[in-house]
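>>> Sequence below, structure please.
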Amino acid sequence: MNRQLAHYPYHVGQMVYVGKMICAERWQSLSIPKGASVSFNAEKFATEKQRAHFTDEFLKKDKNK
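This next block holds a predicted model:
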């Protein structure tokens, strides 16, 4: 069972790799894109600290659409 559970992420990685090749420049990273960590950190640390769930900012964006 452990072997099988470790095997699934391998295939997910393969699918992501193929997706990146197919989409090329249109690929949108789900995390911080390469080379963008400095601007990401500057933006995040410039905001005031608050207690909130990490998905709140995304849910608010969806409601404004």
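
>>> pull the helix or strand with minimum mean pLDDT from the protein.
In the chain, no helix or strand scores lower on mean pLDDT, DSSP states H and E than helix 56-64, which sits at a mean of 75.

>>> Relative to Gln4, how far out is Arg26?
Counting by Cβ to Cβ, to the nearest Å, the gap between Arg26 and Gln4 amounts to 33 Å. C-beta: built from backbone N, CA, C; applies to glycine.

>>> mind listing what Ile22 touches?
The contact partners of Ile22, by Cβ atoms under 8 Å, 6 or more residues apart in numbering, come to none.

>>> so after whatever helix or strand it lives in, what's the next helix or strand?
In this structure, Ile22 sits in helix 2-23 according to DSSP states H and E. Helices and strands here follow DSSP H and E; after helix 2-23, the next one along the chain is helix 37-46.

>>> Quick check: mean pLDDT of that next one?
In this model, helix 37-46 has a mean pLDDT of 92.

>>> how far is that helix from where the chain is centred?
Distance of helix 37-46 from its chain centroid, counting by Cα atoms, centre = their mean, to the nearest Å, is 15 Å.
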